[in-house]
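Student: structure here, sequence nowhere to be found:
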Ligand SMILES: NC(=O)c1ccc[n+]([C@@H]2O[C@H](COP(=O)([O-])OP(=O)(O)OC[C@H]3O[C@@H](n4cnc5c(N)ncnc54)[C@H](O)[C@@H]3O)[C@@H](O)[C@H]2O)c1
């Protein structure tokens, strides 16, 4: 799909992988709406991208805040691209150090943001995309974000790994479900990327994490995620697929 003049929504667009993808989309001629939480740096991020980027505050887990953000996107051009990066981690153990059951509320919270937020965003965006006139046989493309934790989650990552495995699982179903609407769905499963999500990790720990990647032995750069996201948007034959983007990393148990 040619994105020139199209409108794109990037959730989690205030930061990290989402912001890098928004930058590439704008540089290639798209109009981009950064959707992120009200307290995020979304307004500053949109300003930094110039007049073809806007910020719309919304929580991807709710039914009521996203439609207004999608209205902003449709006011800029036909909404044909979703890159869904909103997400977060959070540690939970099945049993805590004292042998007590881990927090159900903390587990549910991560599932709500990462998994339910993905479904909620996709269903509301797909409704808009389905109304587009087809161009070159397509009405829209969705790129979702999982994680290598979907395949080999580490100790303490049970809600995160479950939520991301859910995103991998929904990818082929979503592609089949939306095929009749001429909308494609693909997912990127990143390894370890140098984004604010890693900000609380010390410099030493970041070096160790980078060295654990077979090749290239470093953290991923957000623009490398953006490059793949744009390829998934542009290549009409890639559909229903999850692509690991991890330098051959396979996470150890801890
Ligand atoms: N950085 C990594 O190493 C890595 C690895 C694998 C997967 N991922 C995934 O990539 C995605 C982007 O991560 P990142 O590293 O750019 O993180 P980040 O923290 O830099 O960006 C995530 C953004 O999502 C937003 N967000 C969180 N909850 C939201 C909600 N309910 N509604 C709207 N926005 C919300 C945050 O405000 C933030 O701006 C996440 O889904 C993350 O799980 C990241």
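Tutor: Received it, and whenever you're ready, just let me know what you need. Remember, predicted model here, so these are calculated numbers, not experimental data.
Student: which residues make contact with the helix or strand containing residue 75 from outside it?
Tutor: Using DSSP states H and E, residue 75 sits in helix 66-76. With contacts defined as Cβ atoms under 8 Å, 6 or more residues apart in numbering, helix 66-76 is touched by 7-9, 31, 33, 35, 52, 54, 56-60, 79, 120-121, 124-125, 128. C-beta here means a position set from N, CA and C on the backbone, and glycine is covered the same way.
Student: and the residues you listed near the ligand, which?
Tutor: Contacts with the ligand within those, as defined by Cβ under 6 Å from any ligand atom: 59-60.
Student: are any of the contacts of helix 66-76 buried, and which?
Tutor: With burial judged by 16 or more other Cβ atoms under 10 Å, the buried subset of these is 7-9, 31, 33, 35, 52, 54, 56-60, 79, 120-121, 124-125, 128.
Student: ok, back up a step: quickly check: the helix holding residue 75 near the ligand or not.
Tutor: No - counting by Cβ under 6 Å from any ligand atom, the ligand is not contacted by helix 66-76; separation bottoms out at 8.8 Å.
Student: quick check: next helix or strand after that helix?
Tutor: By DSSP H and E, the next helix or strand past helix 66-76 is strand 79-84.
Student: mind listing what that next one pairs with, with the direction of each?
Tutor: If you go by DSSP bridges, strand 79-84 pairs up with strand 7-11 (parallel), strand 140-145 (parallel).
Student: helices or strands next to the next helix or strand along the chain from that strand in the packing?
Tutor: Downstream of strand 79-84, the next assigned helix or strand under DSSP H and E is helix 104-111. On a contact count with 3 or more Cβ pairs under 8 Å, 6 or more residues apart in numbering; DSSP states H and E, helix 104-111 meets helix 158-179.
Student: just how off-centre is the helix it packs on within its chain?
Tutor: Put simply, helix 158-179 sits 12 Å off its chain's centre (Cα atoms, centre = their mean, to the nearest Å).
Student: what of stretch 59-68?
Tutor: 16 Å.
Student: thought residue 35 was touching residue 9?
Tutor: Yes - shown here, residue 35 and residue 9 form a contact pair, counting by Cβ atoms under 8 Å, at 5.8 Å.
Student: reformat the strands paired with strand 79-84 as CSV; add mean pLDDT and distance to residue 175.
Tutor: As requested, those are exported to CSV (pLDDT from 0 to 100; distance: least, Cβ to Cβ, whole Å):
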stretch, mean pLDDT, distance to residue 175
strand 7-11, 98, 18
strand 140-145, 99, 9
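Student: for those, which one ends up most surrounded?
Tutor: Mean neighbour counts were taken over these using mean count of other Cβ atoms under 10 Å, and the top value, a mean of 29, falls to strand 7-11.
Student: show me the contacts for residue 233.
Tutor: By Cβ under 8 Å, 6+ apart, residue 233 lies in contact with 1, 3, 81, 83, 141, 143.
Student: swap in 6 Å and give it another go.
Tutor: By Cβ atoms under 6 Å, 6 or more residues apart in numbering, the contact set of residue 233 is 1, 81, 141.
Student: what of residue 112?
Tutor: By Cβ under 6 Å, 6+ apart, the contact list for residue 112 reads residue 61.
Student: up against the ligand, what does the stretch 101-250 of the chain have?
Tutor: 113, 117, 145, 147, 190, 192-193, 195-198.
Student: out of those residues, which is most surrounded?
Tutor: residue 147 (29 neighbours; other Cβ atoms under 10 Å).
Student: biggest strand in the chain, by residue count?
Tutor: Assignment by DSSP state E gives strand 183-190 as the longest strand of the chain.
Student: pLDDT averaged over it - what is it?
Tutor: Mean pLDDT, strand 183-190: 99.
Student: ok so, going back, could I get the strands paired with strand 79-84 as CSV with distance to residue 234?
Tutor: Listed next are the strands paired with strand 79-84 as CSV, based on distance: least, Cβ to Cβ, whole Å:
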stretch, distance to residue 234
strand 7-11, 12
strand 140-145, 9
